[in-house]
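Undergrad: quick one, structure for this:
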Amino acid sequence: MKPIHRTSRATCTAPPAHPSVATWTSFLALGLLAAMGCGDSGQSVEAPETIDGRQVFRHDTFGSERFWTDTLRMHEVIQDGVSPATALAVGLKGDAGALPRGILDSADLDDPATTVELLRLGAVLGIEGSVREGRLQEVGVTCALCHSTVDDSVAPGIGRRLDGHANRDLDPGLILSLSPALQDPDSQAALTSWGPGRYDAYWNLDGVSDPALIPPIYGLQGVEVETYTGEGPISYWNAYVAVTQMGGIGTFVDPRLGIDIQASPDLVTPKLPALLDYQLSLDSPAVPPGSFDAAAAERGRTLFEGKAGCSGCHTGPTLTDANERLHRPDETGMDPRLAQRATTGLYRTTPLRALSAHAPYFHDGSAATLAAVVEHYDSFLRLRLADAEKADLVEFLRSL
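TA: Residues are numbered from 1 along each chain as shown. Reported below is the predicted structural model:
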């Protein structure tokens, strides 16, 4: 997706509302349209000659403050009721690199005012806040909210940033359910049912609550199709999420989903190339020494490439055939609902990288362990593997 260099007037078209999520959809639409300044003459925002993709990933809200502040009123929720202890409990992470030395030794982790101070310091991953005289004035979100975590080097939930790792502790639905704008029974029932590490990026379009697992986004260099359902490169998903989920001010058009949102100024599209470059630069974490049986893993490799037939789809250096083809859900025994709600009706073959670092597995998290993954395919594909062979396959997957 290339930057837009022309100026266009905002098209005030939002995704169609579904009765069960009319509140969420209408609020999102109002927030977007207000942010785009419908009815006013827009001025183009020229992209700087050099855009820092890491800065965009970590700190750029794409103008989502108007949605999260004016519409969802999350600044009020945080100011009055979200202590650091509560924030950690819902999976938010603290960036040790942004904390002055010793600040946590005397901080009251049960006081929401401490959270406001952490936001002022820029120490909460994925949330940017503006603080004046101790009051949180506005808040917006960034890519790092879901796709960064920390190494827990200071305390559980506080440490050095690990960009590209899925934040599987984050409970986005529970966080959204705290908004005064989403207190209707249907919204509450859906949002509080998702659970940690899961998010439904289509719920506000079709009213179906069926969240998918937040994926890691490291190790994707050379993979042309990065979404679960194979729409295209990360930039497609970056634009979709920034505009339709984060509430950013930007352009996103996909007739397949009935979406035509065009913004001027566009605070999303010009940043997509640099953001993509940074995301593709994120390498998979190294396999911890001693975390697998090398001899068993070698036997597992032979099974992977032979009797088990895994390499028929997990091909090449990225161990995926996603660049060449997608697959029907019934080819691999996957739950079809996400594919049916997205644009392709199909799933891509997941690239296999750092598997031991991001359980559970499959797009819906239905396999809790690598052993469960092997059991699923052994049963569905009728491989008839012996228990020892299954164990060897697991060791090979741990070695990746």
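
Undergrad: Three-state assignment for the residue at minimal distance from the centre of the chain, please.
TA: By CA atoms, centre = their mean, the chain has its centre lying nearest to residue 146, at 4.4 Å. Following DSSP: H, G, I helix; E, B strand; the rest coil, residue 146 is assigned to helix.

Undergrad: now do the same contact list for it.
TA: By CB atoms under 8 Å, 6 or more residues apart in numbering, the contact list for residue 146 reads 126, 166-167, 170, 172, 199, 214. From N, CA and C alone the C-beta is placed, and that goes for glycine too.

Undergrad: cool, residue 256 as well?
TA: Going by CB under 8 Å, 6+ apart, residue 256 touches residue 343.

Undergrad: tell me how far it lies from residue 129.
TA: 35 Å (CB to CB, to the nearest Å).

Undergrad: equivalent analysis for residue 367, please.
TA: 37 Å.

Undergrad: would CSV of the contacts of residue 146 with secondary structure be doable?
TA: Listed next are the contacts of residue 146 as CSV, based on three-state DSSP:
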residue, secondary structure
126, coil
166, coil
167, coil
170, coil
172, helix
199, strand
214, coil
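
Undergrad: ok, of the residues you listed, which come out buried?
TA: 126, 166-167, 170, 172, 199, 214 (16 or more other CB atoms under 10 Å).

Undergrad: of those residues, which is the nearest to residue 71?
TA: Taking CB to CB as the measure, residue 71 lies nearest residue 172 of the buried ones among the contacts of residue 146, at 16.3 Å.

Undergrad: the more surrounded of residue 367 and residue 129?
TA: residue 129 (25 against 17; other CB atoms under 10 Å).

Undergrad: what about the more buried one, which SS state?
TA: strand.

Undergrad: isn't it right up against residue 141?
TA: No: if you go by CB atoms under 8 Å, residue 129 and residue 141 don't touch, sitting 10.2 Å apart.

Undergrad: hmm, residue 154 is touching residue 96, no?
TA: Yes: with contacts defined as CB under 8 Å, residue 154 counts as touching residue 96 at a distance of 4.7 Å.

Undergrad: who has more neighbours out of these two?
TA: Using other CB under 10 Å as the criterion, residue 154 and residue 96 rank with residue 96 on top: 19 against 15.

Undergrad: wait, the more buried one sits on residue 152?
TA: No: contact criterion CB under 8 Å: residue 96 and residue 152 do not qualify, at 9.6 Å.

Undergrad: which residues do the two both contact?
TA: 158-159.

Undergrad: count the neighbours of the residue nearest to residue 337 when sequence neighbours are not counted for me.
TA: Distances taken as CB to CB, 6 or more residues apart in numbering put residue 210 closest to residue 337, at 5.0 Å, once the chain neighbours are dropped. Counted with other CB under 10 Å, the neighbours of residue 210 add up to 18.

Undergrad: wait, a strand at residue 210?
TA: No: with three-state DSSP as the criterion, residue 210 is coil rather than part of a strand.

Undergrad: thinking it is in contact with residue 339, fair?
TA: No: applying CB under 8 Å as the test, residue 210 and residue 339 come out as separate, 11.1 Å apart.

Undergrad: check contacts around residue 54.
TA: Counted by CB under 8 Å, 6+ apart, residue 54 has contacts 163, 278.

Undergrad: next, it: secondary structure please.
TA: Going by three-state DSSP: residue 54 is helix.

Undergrad: could you check how far it is from residue 330?
TA: From residue 54 to residue 330 the distance is 40 Å (CB to CB).

Undergrad: on that earlier part again, need the pLDDT of the residue nearest to residue 337.
TA: Listed pLDDT for residue 210 reads 97.

Undergrad: show me the contacts for it.
TA: Per CB under 8 Å, 6+ apart, neighbours of residue 210: 200, 203, 337-338, 341, 364.

Undergrad: next, give phi and psi for residue 126.
TA: Per-residue torsions, residue 126: phi 80, psi 0 (degrees, to the nearest 10).

Undergrad: return the distance of stretch 368-377 from the chain's centre.
TA: 23 Å (CA atoms, centre = their mean, to the nearest Å).

Undergrad: pLDDT below threshold where in this structure?
TA: 1-49 (pLDDT under 70).

Undergrad: could you list the domains of it?
TA: 19-280, 294-398 (automatic domain parsing).

Undergrad: and these, which is most packed in?
TA: Mean neighbours per residue, mean count of other CB atoms under 10 Å, is largest over the domains of the chain for domain 19-280, with a mean of 19.

Undergrad: helices of the stretch 151-300 of the chain, start to end?
TA: Here the stretch 151-300 of the chain has its helices, by DSSP state H, counting those that start in this stretch, at 172-177, 185-191, 203-206, 234-240, 272-280, 294-305.

Undergrad: which one of the ones you listed lies closest to residue 58?
TA: Closest among these, using CB to CB: helix 272-280, at 9.1 Å.
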